[in-house]
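A.B. asks: Pasting the sequence and the predicted coordinates here, then a few questions.
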Amino acid sequence: MDHLPPHTDVLIIGAGISGIGAGYYMQTECPDRSYTILEGRSDLGGTWDLFRYPGIRSDSDMYTLGYSFKPWKAEKAIADGPSILSYVRETAQENGIDKRIRFNRRAERAEWSTELSRWTVTAMNTATGSTEVRTCSFLFMCSGYYSYKGGHEPDFPGADSFAGQIVHPQKWPESLDYADKNVVVIGSGATAVTLVPAMAPEAKHVTMLQRSPSYMAVRPSVDPIAQRIRKFLPERVAHAAIRTKNVRFTDGIYRQTRSNPDMVKERLLGMVKDEMGSDYDIDPHFTPSYNPWDQRLCLVPDGDLFTAIKSGDATVVTDHIDTFTTTGIRLTSGTELDADIIVTATGLQLVTLGEMDFVVDDEPVDFSKTWTYRGLGYSDVPNLISTFGYINASWTLRVDLTCQYVTRLLNHMSKIGATRCTPRLRPEDANMPERPWIDDFSSGYMQRMMPMLPRQGDRQPWLNTQRYVEERKTLRRAAIDDGVMQFSA
């Protein structure tokens, strides 16, 4: 038997915020099941260990980005990357989850055998270059939604002629010295909005160069209401109460963006006007052409971006790039921006399920041909669930719900003696109209990926609603044996 690959009941791919949460739920809700976590990098933390650029922080509050089972204790609700990494690491250590992680194991291929009712996963040992094979009865993908190999980097004309340094935030050099340098940050998303105020105090000047504006939402990094609640309630009760408050607030704002976008637009632009003062014309740089939440809002904690602009340390320029030059960037308007360093905060490169190849009974899986099952499973793909957070709320809210669904599913299978579970279309689902995996969201990083993602239909459970309040009911309480998820042994 020594020649057989090591086997575990549940194999979790990824040891970021999703994978550590999955480990916790596995050992608390399914203690009879063994599990192992494969992590392609040399440490846990995922996003919060990978990104090292100045000012790296969450753009969601930590009462909802944090786990429901582990209260957030720090004062700041909008936390920096190192604090979040410490929180994830502490969660893993406190619960012994770190002992279940196999580091430097980058999963590359997963093959399902119906005859054996198991997945065979091939992983590359990134430390040695060797190949390892493991088997599992159930595969739980917690590898996130973007490539760890590199971000989205457009081919800018003339980039080779630039005499300075070009940096992408996903590959930030530890030794980068930007003190007293002219820095141009290309982008208008969350990363650019974080970088500009973080670099401005040390740099000679920072310019945020954007093709078009994004909506900015100003919030205090320390939540005063949360602080009052924490004074009067026990830790866990306070965490739950603040989490509920913030969920309702965010959900309420999102609903208003769908029902009354003009009102929300006015309120968001009003925040910017209040920050910048009546003498500053916000239209060119802070008034988007789309409605709020058609793309994700950019969070500006304590108005730090606007403080940097008002101080003269930073500038926003809205224009298109003609070409890079030896000394900076020439814009289509003819304006030239001097730069010693150019930061291409141009977004993530999205991928499907950890950039792995999947095979079911010798047939390669094309996920774009599948239908999404509740936003976490895939039609005709057995014993596989993946985590994907919310675009309109905190990522971890959905991690919690997905983990709770997985443990319910596994416990149901144990109860009925099933070894296989597969979502399959019913006869009445055969002619469903197809819709994109995520509707009504125009961000470029998502649109670039949409053709590779599964389809959603027009009825449950073939929907990816991206609505936490609704999914709290369907994923926590809806029947596991729903006539779509097929069980067999």
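C.D. replies: Right, received. Where do you want to start?

A.B. asks: hey, let's count contacts and neighbours off CA atoms from now on
C.D. replies: Will do.

A.B. asks: Report the residue spans of the stretch 301-450 of the chain with pLDDT below the cut-off.
C.D. replies: 442-445 (pLDDT under 70).

A.B. asks: what ranges do the strands span in it?
C.D. replies: 314-318, 321-324, 328-331, 336-338, 341-344, 357-360, 363-364, 372-373, 377-378, 384-386, 420-423 (DSSP state E, counting those that start in this stretch).

A.B. asks: Can you name the residues in contact with the fifth one?
C.D. replies: Contacts to strand 341-344, defined as Cα atoms under 8 Å, 6 or more residues apart in numbering, come from residues 153, 164-169, 178, 181-187, 328.

A.B. asks: Please indicate which of those residues are buried?
C.D. replies: Buried residues within the contacts of strand 341-344, defined by neighbour count using 16 or more other Cα atoms under 10 Å: 164, 166-169, 178, 181-187, 328.

A.B. asks: before we move on, back to that, same list (the strands of the stretch 301-450 of the chain) but as TSV, adding distance to Arg255.
C.D. replies: Converted to TSV, the strands of the stretch 301-450 of the chain look like this (distance: least, Cα to Cα, whole Å):
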stretch	distance to Arg255
strand 314-318	30
strand 321-324	36
strand 328-331	38
strand 336-338	40
strand 341-344	33
strand 357-360	37
strand 363-364	39
strand 372-373	24
strand 377-378	26
strand 384-386	26
strand 420-423	30
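
A.B. asks: Compare these and give me the one nearest Glu202.
C.D. replies: strand 314-318 (11.1 Å; Cα to Cα).

A.B. asks: from the middle of its chain, how far away would the closest one be?
C.D. replies: Mean-position distance between strand 314-318 and its chain equals 27 Å (Cα atoms, centre = their mean, to the nearest Å).

A.B. asks: Stretch 243-250 now?
C.D. replies: In terms of Cα atoms, centre = their mean, the centre of stretch 243-250 is found 19 Å from the chain centre.

A.B. asks: Going forward, count from 22.
C.D. replies: Will do, 22 is the new start, and the previous item becomes stretch 264-271.

A.B. asks: Give me the buried stretch members for that stretch, please.
C.D. replies: Under 16+ other Cα under 10 Å, the buried positions of stretch 264-271 are Arg264, Asn267, Val268.

A.B. asks: Out of these, which sit inside helices?
C.D. replies: Mapping these onto helices (DSSP state H) picks out Arg264, Asn267, Val268.

A.B. asks: which residues touch stretch 482-489?
C.D. replies: Residues contacting stretch 482-489 (Cα under 8 Å, 6+ apart): 392-396, 411-414, 418-419, 458-459, 477-478, 492, 505.

A.B. asks: picking up where we left off before, which of the strands of the stretch 322-471 of the chain sits closest to Gln114?
C.D. replies: strand 405-407 (23.7 Å).

A.B. asks: from the chain's centre, how far out does that closest one sit?
C.D. replies: 16 Å.

A.B. asks: Ok, stretch 404-412 next?
C.D. replies: Chain-centre distance of stretch 404-412: 11 Å, with Cα atoms, centre = their mean.

A.B. asks: Please give the element, helix or strand, for Leu496.
C.D. replies: Following DSSP states H and E, one finds Leu496 within helix 489-498.

A.B. asks: list the buried ones in that helix?
C.D. replies: Tyr489, Glu492, Arg493, Thr495, Leu496, Arg497.

A.B. asks: Would you point out the most distant pair within the residues you listed?
C.D. replies: Across these (Cα to Cα), the longest gap, 11.2 Å, separates Tyr489 and Arg497.

A.B. asks: on that earlier part again, keep only those of the contacts of stretch 482-489 that are in helices.
C.D. replies: Leu418, Arg419, Glu492.

A.B. asks: Can I get the residues you listed in JSON lines including distance to Asp340?
C.D. replies: Shown next, in JSON lines, are the ones in helices among the contacts of stretch 482-489 (distance: Cα to Cα, whole Å):
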{"residue": "Leu418", "distance to Asp340": "37"}
{"residue": "Arg419", "distance to Asp340": "37"}
{"residue": "Glu492", "distance to Asp340": "41"}
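
A.B. asks: and of the residues you listed, the nearest to Ile77?
C.D. replies: Set against Ile77, the nearest of the ones in helices among the contacts of stretch 482-489 by Cα to Cα is Leu418 (20.6 Å).

A.B. asks: is it true that Cys442 touches Ser400?
C.D. replies: No: between Cys442 and Ser400 there is no contact under Cα atoms under 8 Å: 10.7 Å.

A.B. asks: Please say which of these two ends up with more neighbours.
C.D. replies: For Cys442 and Ser400, the more surrounded residue by other Cα atoms under 10 Å is Cys442, and the numbers stand at 23 against 20.

A.B. asks: what's near enough to touch the residue nearest to that one when sequence neighbours are not counted?
C.D. replies: Excluding its sequence neighbours, the residue lying closest to Cys442 (Cα to Cα, 6 or more residues apart in numbering) is Phe508, at 4.6 Å. Phe508 makes contact with Met434, Ala439, Thr440, Arg441, Cys442, Thr443 under the criterion Cα under 8 Å, 6+ apart.

A.B. asks: Would you agree Phe508 falls within a strand?
C.D. replies: Yes: counting by DSSP: H, G, I helix; E, B strand; the rest coil, Phe508 is found in a strand.
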